[in-house]
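*Asks:* coords please:
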Amino acid sequence: MSADWKLFLPKSVTVLRQGYGLPDFRADTIAGLTVAVVALPLAMALAIASGAAPEVGLVTAVVAGLLISALGGSRFQIGGPTGAFVVIVYGVIARYGYDGLLMATLMAGGILVVAGLARVGTLIKYIPDPVTTGFTSGIAVIIMASQIKDILGLEAANVPAELIPKLEALWAVRDTLSLPALGLSSVCVAGILLLRRYMPRAPGFLIVTVLAAGLVALTQLPVETIGSRFGEMNARLPAPSLDFWRWENAVALLPSALTIALLAGVESLLSAVVGDQMTGRRHRSNVELVAQGVANIASATVGGLPATGAIARTATNIRSGARSPVAGMLHAVFLLLFMLLLAPVMKLVPMAALAAILVVVALNMAEAHRFRLILRTSHGDRAVLLATFGLTVLVDLTVAIEVGMVLAAFVFMHRMAGLASIEGQPPIIEGDAEDLHSEAGGRYAPNYGLPDDIGVLTFRGPLFFGSAGVVKDALDRIGTRKRIYVLRLEEVPLIDPTGAFAFGDLLKRLLDEGDEVLVVGAGHGVLRGLLQTTPKTVLKRVRFVRTFEAARRRVLNGSGGPDSETAGPPSGEPAARTTTG
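*Replies:* This next block holds a predicted model:
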């Protein structure tokens, strides 16, 4: 197997090759059972919050969870439905129906497979924190808002998906408030939080769910249950089918599919990173994306929801002693057994208890501490955070991510442009100041002891499209006309085509002004960029020099033959005269 394809080898194969014994299987069985107990009520709650039947969440956790663990690039990843998808899933179902959601999930799976094979997994980690924190906090707000109906026991049909219309519709039926539902949900939330505080290893979600179901069954408490809302649960795995596919809807569903793919990719890789930090292991990001894609395709074919790696369940898996991906596969098997054997009991679970679970999930997702910390940072980061958060809550998650990434890109360009400067000058980002430098007679361009007819410009920072202005204005900063121009690039780490074209234009202007131009200290990447974009007629008249001392000797002593310090162009590039003086 080639070195490249080893990057796509599932961790399950790696573990089996390294040796897997009975002690490992025993540890993985205990961990898998523990995670299944945690995932059972959560999968149903997430499905209901997304606008689907509770058994759909279980089917998703079984099918997608099995494939994510079997084919993924992490030893400890646990996959299934997560809170991040609730908003987008609910919106897609409301607009296109459940068949539309299955189409979007299938398309998202295909996108993830292609992204993994194209090795995009290494790029997803560059999505900035203000964007991820903004949309996850926004999703948390929407999830909490979606549970108001069941928390309060309100009687409302066809509640809108959008936040403001949803709140208006719920306010209109405030008279239907159910005190038993409110009391039960409040007790459930308190119980989960107390168990988490004083018994962190206990499966709080399941304990509270079982106790709430028992209480309702024994006391006949007048609250809505899974059975009263959905009827009998369909406790079986559906046969794979593509009957939902409609070619005419594919284009309209593409934005939703892209959003699902992005969310699945981001959350799965974040979960894998958390697992690495807890265990000291390393995951394979691109094979993880491929596994997520295959799992979502399979989930769609059996009528399931979008799935991804779940951070909380992955952490539970690790804390429970998991040793390999077998624990994740066993978690799916245990969930299947629960679904087949406990379906008659699950219908007794009160909706208020499931709503309480989702309230706690939303509180965990909100990341209030991180949100507050980002608000204390720069104006740009605050703008990205608040814009992404506001658009997620009030408009649409897809729009929020698009706008957040664009704003983050502008903030990044602003900062990078601020690093680009000419020695003695303020950064280019300060360029709105009054332009009086040309009257300084070269005062801001030190010559390092060279004669007055030698002009030296020292560039610092990346020269890219955001900072090209510093190159275009360089000649004005020297002041009077010079006989020889020395352009120092030792502190320029990179140059893009826009910066290279601007630098080529500067070279033309300087050659028209003086007798000779020396370019000093250009690194290999910068030199290649200049040689690829600068006209040959200009390159023939420019001398590329390795060090400033070599340039100093040249301008002080006159032309000399090349020596060991001569910097030649990369192979295959246009030849340019090079010398060290």
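*Asks:* Check which element follows whichever strand or helix holds residue 364 along the chain.
*Replies:* Per DSSP states H and E: residue 364 is located in helix 351-366. Counting by DSSP H and E, the next helix or strand C-terminal to helix 351-366 is helix 368-375.
*Asks:* Need the mean per-residue confidence for whichever helix or strand comes after that following helix.
*Replies:* Remark: after helix 368-375, the chain's next helix or strand is helix 379-394, criterion DSSP H and E. Throughout helix 379-394, pLDDT has a mean value of 92.
*Asks:* Helix 368-375 and helix 379-394, what's the angle between them?
*Replies:* 130 degrees (axes from the mean of the first three to the mean of the last three CA atoms, to 10 degrees).
*Asks:* Tell me which residues of the helix or strand that helix 379-394 is followed by come out buried.
*Replies:* Next helix or strand after helix 379-394 toward the C-terminus (DSSP H and E): helix 397-419. Buried residues in helix 397-419, counted by 16 or more other CB atoms under 10 Å: 397-398, 400-405, 407-408, 411, 416-419. Backbone N, C-alpha and C define where each C-beta goes, glycine included.
*Asks:* rewinding a little: tell me what the helix holding residue 364 is packed against?
*Replies:* helix 22-49, helix 129-146, helix 148-152, helix 179-198, helix 204-219, helix 226-230 (3 or more CB pairs under 8 Å, 6 or more residues apart in numbering; DSSP states H and E).
*Asks:* With distance to residue 91, mean pLDDT and mean neighbour count added, can I get those helices in TSV?
*Replies:* Putting the helices and strands packed on helix 351-366 into TSV (distance: least, CB to CB, whole Å; pLDDT from 0 to 100; neighbours: other CB atoms under 10 Å) gives the following:
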stretch	distance to residue 91	mean pLDDT	mean neighbour count
helix 22-49	12	90	22
helix 129-146	10	87	23
helix 148-152	17	91	22
helix 179-198	25	94	17
helix 204-219	26	90	18
helix 226-230	21	86	16
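*Asks:* so how far is residue 326 from the closest residue to residue 211 other than its chain neighbours?
*Replies:* Nearest residue to residue 211, sequence neighbours excluded (CB to CB, 6 or more residues apart in numbering): residue 191, at 7.4 Å. According to CB to CB, to the nearest Å, residue 191 and residue 326 sit 32 Å apart.
*Asks:* Same question for residue 167.
*Replies:* 46 Å.
*Asks:* neighbour count winner among those two?
*Replies:* The residue with more neighbours, out of residue 167 and residue 326, is residue 326; 23 against 14, by other CB atoms under 10 Å.
*Asks:* Go ahead and confirm the more buried one touches residue 24.
*Replies:* Yes - using CB atoms under 8 Å, residue 326 is in contact with residue 24, at 7.4 Å.
*Asks:* Find the centremost residue of this protein, please.
*Replies:* Nearest to the mean C-alpha position of the chain, counting by CA atoms, centre = their mean, stands residue 266 at 3.9 Å.
*Asks:* dump the residue contacts of that residue.
*Replies:* 124, 127, 132 (CB atoms under 8 Å, 6 or more residues apart in numbering).
*Asks:* cool, residue 49 as well?
*Replies:* Going by CB under 8 Å, 6+ apart, residue 49 touches 83, 86, 90, 143, 146, 147, 358.
*Asks:* Which pLDDT does the model give the first one?
*Replies:* What it means is residue 83. Reading off the model, residue 83 has pLDDT 84.
*Asks:* quick revisit: quick check: angle from the helix holding residue 364 to helix 129-146?
*Replies:* Using the same axes, to 10 degrees: helix 351-366 against helix 129-146 is 170 degrees.
*Asks:* returning to that earlier point: and the helices and strands packed on helix 351-366: which comes nearest residue 242?
*Replies:* Ranking those by proximity to residue 242 (CB to CB) places helix 22-49 first, at 21.3 Å.
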